[in-house]
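J.: I would like to see how this sequence folds:
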Amino acid sequence: MQDDLHKEASAWRSQLRKGTLELAVLLLLRRGRRYGLEIVDVLNEAGLGISEGSIYPLLSRLKAEKKVTTEWVQAEAGHAHKYYELTDHGRQTCSLLLEAWRDYVAAFDRLAGKKG
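T.: Presented below is the predicted three-dimensional model:
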């Protein structure tokens, strides 16, 4: 029974992570440009448990939607890195998604009986 609950919670967390990954990436890029693996590392340090396989399709979509731009930069030692940077459209999207996220969290806080 306990194992079933843990599996259910794990599946729920996975869906939550997928649904909020775009906002997490936009928030990170709002601080400045980053390359792909750096984005994965920072998000994982924050506790989001993101894989490279999930981040690159999202970054490609964000570029296609003109929310980010890309630039190849040669590293001093090694290969070039593809850097991602927010566009004005990406910044506006980030602000709107963050507002929606805060509203959503506030609604759950109210449901949980927290003052908001």
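J.: Okay, now the unreliable bits of this protein?
T.: By pLDDT under 70, the weakly predicted segments of the chain are 115-116.
J.: Assign W72 to one of the three secondary structure states.
T.: strand (DSSP: H, G, I helix; E, B strand; the rest coil).
J.: Does it touch H81 like I think?
T.: Yes: using Cβ atoms under 8 Å, W72 makes contact with H81 at a distance of 7.3 Å. The way it works is simple: take the backbone N, C-alpha and C, and place the C-beta from them, glycine included.
J.: who has more neighbours, these two?
T.: For W72 versus H81, neighbours defined as other Cβ atoms under 10 Å are more numerous around H81 (16 against 10).
J.: Tell me who's in contact with the most centrally placed residue in the chain.
T.: Centroid-nearest residue in the chain: A24, 2.6 Å away (criterion: Cα atoms, centre = their mean). Under the criterion of Cβ atoms under 8 Å, 6 or more residues apart in numbering, the neighbours of A24 are L43, A46, L48, I50.
J.: Now the strand or helix carrying it: buried residues?
T.: A24 is located in helix 2-30, with elements delineated by DSSP states H and E. Buried residues in helix 2-30, counted by 16 or more other Cβ atoms under 10 Å: L21, E22, L23, A24, V25, L26, L27, L28, L29.
J.: Would you mind pulling up the elements that the host helix or strand of I39 packs against?
T.: Of the helices and strands defined by DSSP H and E, I39 is found in helix 36-45. Contacts defined by 3 or more Cβ pairs under 8 Å, 6 or more residues apart in numbering; DSSP states H and E place helix 36-45 against helix 2-30, helix 52-64, strand 80-86.
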